[in-house]
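> Turn this into a structure:
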Amino acid sequence: MENIFNEWDIYATKKALRNRKVGFESIEKNSKLKIVAITGIRRLGKTSILILLRQKLEKENKKSKYINLEDSRIKTDPNVLDNLIKWFGDDGYLLLDEITSVKDWEGWLSRIHEMLKGKLNLIVSSSRKSLIIPNKPLRGRILAYEFYPMSFKEFLDFKDLKLEKTTAGIGKIEKQLLNYLIYGGFPEIVLTDNEVDKIRILNSYFKDIIGLDIAEVSKEEINIVETFSRYVIESTHFSASKCLNFMKTLGFKISKQSILNLEKYSQLSYLLFFIPIFSYNIKDRAQYPRKCYVGDTGLINAISGKKDYGKLYENAVYLELKIRIKENQEINYWKNIKQEEVDFIIREGLKIKKIIQVSYDVSEEKTKNRELKSLISCAREFKFKEGLIINKDLEKEEKIDGIKIKFIPLWKWFLEEK
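Modelled structure (predicted):
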């Protein structure tokens with residue numbers, strides 16, 4: 001087994017990777033106090049983050065090793081984690097990729113952290129969110145770092161593109177924005193030139209996620225998980241009852257509880273997200289359907305085969321908000337009895353912090369007025385004095401009934417200071 005451990009660490013030290021700005025200093029520093037847990041959707045680059053950190057630590061002459069625990073040769077061994085300590089020792093930085101693949105990972109992390117805190121720094125990763133919502137023994141011991149596919153800003157940096165504030169320069173950025181929306185922010189996809197290859201790789205990611213991170217955990221059959229996931233990807237709102245009816249029309253024998261379990265596990269895998277309506281009425285919050293989003297915009301195009309820019313814009317804004325919002329903030333949507341709807345409300349408790357509407361094209365007066373009307377109705381209800389409409393190319397500010405409305409192009413909103 002030691003030969004396998006050495007293989008992985010040698011691989012990590014020799015692997016050539018593009019550098020990424022992910023706060024390595026913060027991860028290293030916090031690992032001295034807590035177990036640092038890196039999570040996010042499969043293939044977003046968690047392995048690269050750990051390998052880059054391993055290479056950084058080696059340059060600083062700090063004792064460290066990297067192991068990928070998803071290796072089929074070791075993950076089924078019940079003693080693999082204890083064997084790691086025998087091999088590595090009880091001090092330094094131990095970087096463990098896909099820790100949730102092995103048996104009793106929670107108990108082992110809790111025990112080792114308690115015994116070797118301050119000596120052995122554990123930095124672990126998983127594509128399953130269960131890593132950062134552990135059972136009782138690990139509560140208070142884990143510090144989470146949730147990552148998402150590249151933001152548009154990082155996407156441009158990865159491609160060595162800088163914003164030139166000229167008409168031609170802005171045109172190049174807008175062209176790159178379409179590429180980013182259609183194919184998403186997975187690092188391998190960004191570095192792949194051929195469009196057919198991009199779609200093929202994205203489909204392979206989808207298969208891996210539904211197989212390894214949803215079906216394996218939920219114990220549901222692959223074809224049920226795949227059908228459920230495709231249904232949600234092509235939807236804008238999600239109701240478990242409607243989804244159940246759809247699945248039954250296709251001949252699947254499945255319960256409503258199974259649908260709710262799939263909703264849960266698809267969120268824990270970062271493939272799908274479901275956001276509830278915001279209302280002071282508890283009954284409304286329980287009865288209204290959730291809005292649904294996908295963990296990367298590239299998966300929408302690859303799975304549905306449709307370039308729906310309205311959907312892509314809204315999904316991309318949601319993912320960016322996930323990166324930007326503070327720990328104590330939540331994302332909801334809003335809708336009233338007149339069926340006026342606002343895409344995103346950012347709140348802290350019951351306090352509204354931002355109201356955001358996303359619309360691909362507001363060049364038509366009818367569309368613009370509809371978006372404005374919904375935004376103003378929402379702002380009035382919460383006695384909020386401003387709103388934002390993210391769109392394709394309109395940039396201006398208006399004041400209507402004392403409410404300041406700002407229009408901003410998506411590319412510019414992506415690149416503005418957070």
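
> Need phi/psi at the residue nearest to the spatial centre of the chain.
The residue lying closest to the centre of the chain (Cα atoms, centre = their mean) is Tyr148, at 3.8 Å. Torsion angles at Tyr148 (phi, psi; degrees, to the nearest 10) stand at phi -130, psi 170.

> mind checking how far it is from Lys198?
Tyr148 is 19 Å from Lys198, where distance means Cβ to Cβ, to the nearest Å. For every residue, glycine as well, the C-beta is placed using N, CA and C.

> what does Leu299 give?
Distance, Leu299 to Lys198, by Cβ to Cβ: 11 Å.

> Of the two, give the one with the bigger neighbour count.
The neighbour comparison of Leu299 against Lys198 (other Cβ atoms under 10 Å) goes to Leu299, with 25 against 22.

> Ramachandran coordinates for Trp87?
Torsion angles at Trp87 (phi, psi; degrees, to the nearest 10) stand at phi -80, psi -40.

> Tell me the confidence at the residue nearest to the centre of the chain?
We note a pLDDT of 94 for Tyr148 in this prediction.

> Touching, it and Tyr318? I think so.
No: Tyr148 lies out of contact with Tyr318 (Cβ atoms under 8 Å); the separation is 10.2 Å.

> Output the contacting helices and strands for the strand or helix carrying Ser110.
Element membership for Ser110 (DSSP states H and E) is helix 105-116. Packing partners of helix 105-116 (3 or more Cβ pairs under 8 Å, 6 or more residues apart in numbering; DSSP states H and E): helix 80-88, strand 120-126.

> my read is Ser363 is in a helix, agree?
No: the assignment for Ser363 (DSSP: H, G, I helix; E, B strand; the rest coil) gives coil, which keeps it out of a helix.

> Return the residues in contact with it.
Contacts for Ser363 (Cβ atoms under 8 Å, 6 or more residues apart in numbering) come out as Lys392, Asp393, Leu394.

> next helix or strand past the helix or strand containing Ser229?
Secondary structure from DSSP H and E places Ser229 in helix 222-233. Downstream of helix 222-233, the first helix or strand assigned by DSSP H and E is strand 237-238.

> Grab the nearest non-local neighbour of Ile199.
Counting by Cβ to Cβ, 6 or more residues apart in numbering, Ala302 is the residue found nearest to Ile199 once chain neighbours are left out, at 5.0 Å.

> What of Asp91?
According to Cβ to Cβ, 6+ apart, the nearest residue to Asp91 is Lys119 (4.4 Å).

> So for that neighbour, what's the pLDDT?
For Lys119, the pLDDT comes out at 96.

> What count of nearby residues applies to it?
Count around Lys119 with other Cβ under 10 Å applied: 11.

> Over to Leu81?
Using other Cβ under 10 Å, Leu81 has 22 other residues around it.

> excluding its backbone neighbours, what's nearest it?
Nearest one to Leu81, counting by Cβ to Cβ, 6+ apart, is Trp108 at 4.5 Å.

> what's the burial count for that neighbour?
19.

> Could you check the pLDDT of it?
pLDDT, Trp108: 95.

> Same question for Lys207.
pLDDT, read off for Lys207, is 97.

> Which positions in the helix or strand hosting it come out as buried?
Assigned by DSSP H and E, Lys207 falls within helix 195-208. Neighbour counts over helix 195-208 (16 or more other Cβ atoms under 10 Å) mark Lys198, Ile199, Ile201, Leu202, Tyr205, Phe206 as buried.

> Low-confidence regions, this protein specifically.
282-286, 417-418 (pLDDT under 70).

> Sketch out the strands for it, chain order is fine.
For the chain, applying DSSP state E gives strands covering 35-39, 64-68, 92-97, 120-126, 142-146, 237-238, 272-275, 290-294, 330-335, 341-348, 351-358, 386-391, 396-400, 403-409.

> Pick the most deeply packed of the helices and strands packed on helix 105-116.
Burial of the helices and strands packed on helix 105-116 is given as mean neighbour count (mean count of other Cβ atoms under 10 Å); strand 120-126 ranks first at a mean of 24.

> Using the record's assignment, carve the chain into domains.
Using automatic domain parsing, the domain parsing of the chain gives 2-146, 150-308, 325-418.

> what's the closest of those to Glu314?
Minimum separation from Glu314 across those (Cβ to Cβ) falls at domain 325-418, 4.5 Å.

> gap between that closest one and the chain center?
Distance of domain 325-418 from the chain centroid (Cα atoms, centre = their mean, to the nearest Å) equals 22 Å.

> And for stretch 36-50?
Taking mean C-alpha positions (Cα atoms, centre = their mean), stretch 36-50 and its chain are 11 Å apart.

> got a markdown table for the buried residues of helix 195-208, with distance to Glu174 too?
Output for the buried residues of helix 195-208, formatted as a markdown table (distance: Cβ to Cβ, whole Å):
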| residue | distance to Glu174 |
| --- | --- |
| Lys198 | 19 |
| Ile199 | 22 |
| Ile201 | 25 |
| Leu202 | 23 |
| Tyr205 | 26 |
| Phe206 | 28 |
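
> Only alpha carbons, please: show stretch 87-100 as PDB.
Only the C-alpha atoms of stretch 87-100 are listed here, as PDB (Å, rounded to 0.1, in the frame of the first residue of the first chain):
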ATOM      1  CA  TRP A  87       3.400   5.800   6.400                       C
ATOM      2  CA  PHE A  88       3.300   9.600   6.800                       C
ATOM      3  CA  GLY A  89       3.800  10.200  10.500                       C
ATOM      4  CA  ASP A  90       2.000  12.400  13.100                       C
ATOM      5  CA  ASP A  91       3.100  15.800  11.900                       C
ATOM      6  CA  GLY A  92       3.100  18.000   8.800                       C
ATOM      7  CA  TYR A  93       0.400  18.600   6.100                       C
ATOM      8  CA  LEU A  94      -1.600  15.600   4.900                       C
ATOM      9  CA  LEU A  95      -3.700  16.300   1.800                       C
ATOM     10  CA  LEU A  96      -6.400  13.700   1.300                       C
ATOM     11  CA  ASP A  97      -8.500  13.900  -2.000                       C
ATOM     12  CA  GLU A  98     -12.000  12.400  -2.000                       C
ATOM     13  CA  ILE A  99     -11.900  11.500   1.700                       C
ATOM     14  CA  THR A 100     -15.600  10.400   1.700                       C
END
